[in-house]
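Visitor: just coords:
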């Protein structure tokens, strides 16, 4: 779960210190309270945030949302994984 993004940003920063050039954060839910959104918008070590669309989000986060339903969830995760592999091989 992503709330203020502090932990995820710290981990992404550490991963980049180890040599990664690009870090995606994949979360089950993004739950940002009014007070947390300012901190979340400063999570600059995470290049892309991806989450299920289970909670309405502040559009300033620019997160990519995966449509959730019992029929689509598995298919969307599979497609995202395939795209991830394709992007890394190309």
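Guide: Received it, and whenever you're ready, just let me know what you need. What you are looking at is a predicted structure, and each value in this text was computed from that prediction instead of being measured.

Visitor: Please make it C-alpha for all contacts and neighbour counts, starting now.
Guide: Will do.

Visitor: quick one: contacts of the lowest-mean-pLDDT helix or strand in the chain?
Guide: When the helices and strands of the chain are scored by mean pLDDT, DSSP states H and E, helix 73-89 comes last with a mean of 79. Contact with helix 73-89 is made by 66, 67, as judged by CA atoms under 8 Å, 6 or more residues apart in numbering.

Visitor: Tell me which residue is most central in this structure.
Guide: Centroid-nearest residue in the chain, with CA atoms, centre = their mean: residue 49, separated by 2.3 Å.

Visitor: Let me see the confidence value for that one.
Guide: pLDDT recorded at residue 49 is 91.

Visitor: residue boundaries of the helices in this protein?
Guide: Counting by DSSP state H, the chain has these helices, from start to end: 6-17, 34-41, 73-89.

Visitor: Single out the most deeply packed of these.
Guide: Greatest average neighbour count among these goes to helix 6-17 (a mean of 16), per mean count of other CA atoms under 10 Å.

Visitor: hang on, the earlier thing: tell me what the residue nearest to the centre of the chain is bridged to.
Guide: Note on residue 49: beta-bridge partners by DSSP bridges are residue 25.

Visitor: Give the full set of residues in contact with it.
Guide: By CA under 8 Å, 6+ apart, the contact set of residue 49 is 24, 25, 26, 27, 62, 63, 64.
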